[in-house]
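> coordinates only, no sequence provided:
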DNA sequence: TCCATAATTCGAGAAATATCGAAATATAAG
DNA sequence: CTTATATTTCGATATTTCTCGAATTATGGA
């Protein structure tokens, strides 16, 4: 049942390769540790609850989000471990160690110490 | 005709979200500036030329690869600019500036100065 | 010019994904 | 125990994507 790294990565990319799911994932990334409630997301994106539920389940299955029930609502968070795993897989053994080709690819505007 | 950043990102992710295309892209990333010939890729992956051609066109359309004819063969290369653009989009305004949540996400094994 | 090679485009059936209303489940409150 | 709320699961249709043989285009050499 344990998927190969490649198969896992395809699943993760497939999860992100959809307009609604990509919006959801980025909302979760930007929300950080607090995450967001399912209903809150559905409302902000104007997506019917049942449709959104499929998308959230897809992201979770793919290892890019986690869910936790809090009484009646369910809180979703981005899974930063999964995100890291995906980026690392894409850049693995990059450009034969020549930093000139891709050095600045990681100079990203994401949060830094 | 100019796609929004979100639409562009969905296209890029869709391109990567396929077993064969992900393999091709990673081969190109690892090949670096030299790139690879279309036929060479088809042979290594045991994919019929016409099928591979669709996948290569898909990656190029998505902004993740470039092609250049050299007499009778066509050389494909990873587009590291597109790659960077995609990663930056995914991590934009990440986790409300709190480095604790995702700081190490960029500590990736890719080539570094 | 004629042939061989490398790669792309065409085309159409097969397979996978997306959508969302209706029904079901889980929790809390009265 | 009944009702209200939040979310998920079911199910059936609609849409999109994938695949690869055959035909086509581009290039170089005899």
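Good, I have the coordinates. Just so we're clear, the structure is a prediction, and the values are computed from it rather than from any experiment.
> how many other residues sit next to residue A:97?
Neighbour count for residue A:97, taken as other C-beta atoms under 10 Å in any protein chain shown: 11. All C-beta spots, glycine's among them, are computed from the backbone N, C-alpha and C.
> and residue A:46, by the same measure?
Neighbours of residue A:46 under the rule other C-beta under 10 Å: 8.
> ok, it to DNA strand C distance?
Taking C-beta to the nearest atom of the strand, to the nearest Å as the measure, residue A:46 and DNA strand C are separated by 9 Å.
> which pLDDT value belongs to the closest residue to residue A:30 other than its chain neighbours?
Among residues not flanking residue A:30 along the chain, residue B:93 sits closest, at 4.9 Å (C-beta to C-beta, 6 or more residues apart in numbering or on different chains). At residue B:93, the predicted lDDT confidence score is 81.
> go on, residue A:112?
For residue A:112, pLDDT reads 64.
> and what of residue A:88?
At residue A:88, pLDDT is 89.
> how close does the residue nearest to residue A:30 sit to residue A:28?
According to C-beta to C-beta, to the nearest Å, residue B:93 stands 12 Å off from residue A:28.
> returning to what we had before: can you count the residues close to the residue nearest to residue A:30?
Using other C-beta under 10 Å, residue B:93 is surrounded by 13 other residues.
> phi and psi next, for it.
With angles defined as degrees, to the nearest 10, residue B:93 sits at phi 50, psi 40.
> again with residue A:77
phi -130, psi 150.
> residues in chain A within reach of DNA strand C, list them.
Residues of chain A lying close to DNA strand C by C-beta under 7 Å from any atom of the strand are A:14, A:18, A:20, A:47-51, A:54-55, A:58, A:69, A:71-72.
> which of those sit farthest apart?
Comparing every pair within the residues of chain A next to DNA strand C by C-beta to C-beta identifies A:14 and A:71 as the most remote, at 32.3 Å.
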